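S.K.: What would the 3D arrangement of this be:
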Amino acid sequence: MVFAWKAAGLSYNRYLAVASRVVRRSLKEDKRLVAERRGEMELRFAKWENGKMGEPKPLAEANAAAAVAAASSGPA
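M.R.: Next up is the predicted model:
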């Protein structure tokens, strides 16, 4: 038996993200706002050098900075 999410070409994590978004949107306004805030997350990472952890940075900011740097350097 093939699961519907697998047959649709979704990963299990993507399936859960879609299902949770649908459930959150179906809630009444007051409970929906609380649930949407709970569903937000901020990923952070730190670069390790010489066995020491660097400063933790938000992943979204690092991705934006990398995109700007790549755009300013032009095609390779």
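
S.K.: Quick check: which ranges of the protein have low pLDDT?
M.R.: By pLDDT under 70, the low-scoring segments of the chain are 1, 39, 74-76.

S.K.: So which residues of it form strands?
M.R.: 44-45, 48-49, 52-53, 57-58 (DSSP state E).

S.K.: Can you tell me the strand partners of the second one and which way each runs?
M.R.: Strands that pair with strand 48-49, judged by DSSP bridges, come out as strand 52-53 (antiparallel).

S.K.: Show residues contacting the strand it pairs with.
M.R.: Residues outside strand 52-53 that contact it (CB atoms under 8 Å, 6 or more residues apart in numbering): Ala46, Lys47. The way it works is simple: take the backbone N, C-alpha and C, and place the C-beta from them, glycine included.

S.K.: Apply 6 Å and report the result again.
M.R.: Ala46 (CB atoms under 6 Å, 6 or more residues apart in numbering).

S.K.: Same check on stretch 12-29?
M.R.: If you take CB under 6 Å, 6+ apart as the criterion, stretch 12-29 is touched by Trp5, Ala35, Glu36.

S.K.: could you redo the last one with a cut-off of 10 Å?
M.R.: Residues from elsewhere that reach stretch 12-29 (CB atoms under 10 Å, 6 or more residues apart in numbering): 3-6, 8, 10-11, 31-39.

S.K.: Narrow those to those that are buried.
M.R.: Listed as buried from the contacts of stretch 12-29 are Ala35; burial here means 16 or more other CB atoms under 10 Å.

S.K.: re earlier: would you mind finding the most buried of the strands of the chain?
M.R.: Among those, ranked by average contacts under mean count of other CB atoms under 10 Å, first place goes to strand 57-58 (a mean of 13).
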